[in-house]
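In: Just need the structure, nothing else, for what follows:
(one chain, ligands or ions: 1)
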Amino acid sequence: MTEKALRLGTRRSKLAMAQSGQVADAVSQVTGRPVELVEITTYGDTSREHLAQIGGTGVFVAALRDALLRGEVDFAVHSLKDLPTAQHEGLVVAAIPEREDPRDVVVARDARKLTDLPRGARVGTGAPRRMAQLNAYARTHGMEIETVPIRGNVDTRIGYVRSGELDAVVLAAAGLNRVGRIDEVTDFLSVDTVLPAPGQGALAVECAADNASLIAALAELDDPFTRAAVTAERSLLAALEAGCSAPVGALADLLADGQTVKEMRLRGVVGTTDGSTLVQLSTTGPVPETHEAALALGGELAAEMLAQGAAGLMGERAQ
Ligand SMILES: NCc1[nH]cc(CCC(=O)O)c1CC(=O)O
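Out: Residues are numbered from 1 along each chain as shown. Take a look at the predicted model:
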């Protein structure tokens, strides 16, 4: 007799289906059990209201978590950058697989790069983090761009460029990779220009905290370096008391000496959306070996950023 299928709760969007499908394959390989996708419609999928008005991307996560807690599905896959930093009671992030490209990218008309966008170019992005850094870059490089708030899925956003409504849009490389549209990228932005969102490019596989056998199986998909990096990034975000739509960028990476990994570096940025002020700092420490050590790395950098006025910058956003 074949074993009973594991149920993976997923949103119906192309991006969610792609990343759920990818994890489903990996889980079925390590468990030897079939994985069945169970589609769950969230308020965020049906609402026409602006995400900010209905409480950020957390709305996407909430319905999946409810289904997990009710036992309707066995596990769920989230984009880590959309996951609230507070841990959810009764649930556990059992795996954080190896992260893919964390960078932001530009999809522009006429194959343009950020640096050769025409004067007054209209650049679409709904993320205050991207606006702040793009506007700061423009200011310091004598460019004139207009950031235009947009929302919608990957297809919708690229559609604004194809229709001529916008000159460019800025998106996450990871999302484009997963939906098979990475070839349309016209510029991969250096993280020195635009630091990605905390956790960008990584996935979180979540299940009920009391499902010991599933937790053990999912642990095989976990990448400890990715987990340490995103834990530090999210700790920074939490310590700045910022949410998933805050103008905060963070990226942790490993510094190696030849083949030997030496240290972990954590970079952080916070700024006003007009780009007039940015607080940009980095710190380096031993590669965290425990959850607490990763949290501490983020906490330390947050404290330094707060000392340089980071809190005031985020307050500006609320206006
Ligand atoms: N904000 C929405 C969102 N949430 C996750 C991704 C894909 C990238 C990822 O998983 O980090 C995207 C699209 C984007 O920002 O372009």
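In: Are stretch 83-102 and the ligand in contact anywhere?
Out: No. Counting by CB under 6 Å from any ligand atom, no contacts exist between stretch 83-102 and the ligand, the nearest distance being 7.4 Å. From N, CA and C alone the C-beta is placed, and that goes for glycine too.
In: shift numbering so it begins at 20
Out: Yep, numbering from 20; the last one is stretch 102-121 now.
In: And that stretch, what's buried?
Out: 102-104, 107, 110-116, 118-121 (16 or more other CB atoms under 10 Å).
In: how about the CA coordinates for stretch 268-277, as CSV?
Out: This file holds the C-alpha atoms of stretch 268-277, laid out as CSV (Å, rounded to 0.1, in the frame of the first residue of the first chain):
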residue,chain,number,x,y,z
GLY,A,268,16.8,46.4,3.8
ALA,A,269,19.1,43.8,5.3
LEU,A,270,21.4,41.2,3.9
ALA,A,271,23.7,38.8,5.7
ASP,A,272,26.4,36.9,3.8
LEU,A,273,29.5,34.8,4.6
LEU,A,274,33.0,36.2,4.3
ALA,A,275,35.4,33.5,3.2
ASP,A,276,39.2,33.3,3.1
GLY,A,277,39.8,31.0,0.2
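In: quick one: the strands in the chain?
Out: 25-29, 54-58, 94-98, 110-114, 123-127, 140-143, 164-167, 187-191, 206-207, 222-227, 267-276, 279-290, 297-305 (DSSP state E).
In: Relative to residue 317, which of these is closest?
Out: For the strands of the chain, the distance to residue 317 is smallest for strand 279-290, at 6.6 Å, taking CB to CB.
In: Show me what the closest one is packed up against.
Out: helix 147-159, helix 243-258, strand 267-276, strand 297-305, helix 310-326, helix 329-336 (3 or more CB pairs under 8 Å, 6 or more residues apart in numbering; DSSP states H and E).
In: Mean pLDDT lowest where, among those?
Out: Lowest mean pLDDT within these: helix 329-336, at a mean of 68.
In: Okay, domains of this protein per the record?
Out: As given by automatic domain parsing, the domain ranges for the chain are 25-118+221-241, 123-207, 248-329.
In: and the stretch 220-338 of the chain, which residues reach the ligand?
Out: Checking the stretch 220-338 of the chain against the ligand by CB under 6 Å from any ligand atom, the hits are residue 220.
In: Now stretch 298-306: buried residues?
Out: So, applying 16+ other CB under 10 Å, buried residues of stretch 298-306: 298, 299, 300, 302, 304, 306.
In: now the fourth one: how far from residue 332?
Out: Applying CB to CB, to the nearest Å, one obtains 19 Å for the distance of residue 302 from residue 332.
In: now the last one
Out: Applying CB to CB, the value for residue 306 to residue 332 is 30 Å.
In: So the residue lying closest to residue 157 once chain neighbours are set aside versus the ligand, what's the distance?
Out: Distances taken as CB to CB, 6 or more residues apart in numbering place residue 164 nearest to residue 157, at 4.8 Å, with adjacent residues excluded. From residue 164 across to the ligand, the span is 18 Å (CB to the nearest ligand atom, to the nearest Å).
In: Phi and psi next, for residue 259.
Out: Main-chain torsions, residue 259, degrees, to the nearest 10: phi -80, psi 0.
In: who touches it in this structure?
Out: 265, 267, 289, 321, 324, 325, 329, 330, 333 (CB atoms under 8 Å, 6 or more residues apart in numbering).
In: I'd assumed residue 136 was in contact with the residue nearest to residue 157.
Out: Yes. Here residue 164 reaches residue 136: they are 6.1 Å apart, a contact under CB atoms under 8 Å.
In: Find residues that contact each of those two.
Out: Counting by CB under 8 Å, 6+ apart, the residues touching both residue 164 and residue 136 are residue 142.
In: in this protein, what spans have low per-residue confidence?
Out: 20-21, 61-76, 261-265, 334-338 (pLDDT under 70).
In: Please report how far the residue nearest to residue 110 when sequence neighbours are not counted lies from the ligand.
Out: Excluding the flanking residues, the one nearest residue 110 by CB to CB, 6+ apart is residue 225, at 5.4 Å. Distance of residue 225 to the ligand, computed by CB to the nearest ligand atom: 15 Å.
In: which residues touch the residue of the stretch 20-169 of the chain found nearest the ligand?
Out: The minimum distance from the stretch 20-169 of the chain to the ligand, using CB to the nearest ligand atom, falls at residue 98 (3.4 Å). Residue 98 is in contact with 34, 38, 194, 218, 221, 222, 223, counting by CB under 8 Å, 6+ apart.
In: Out of the residues you listed, flag the one nearest to residue 203.
Out: residue 194 (11.9 Å).
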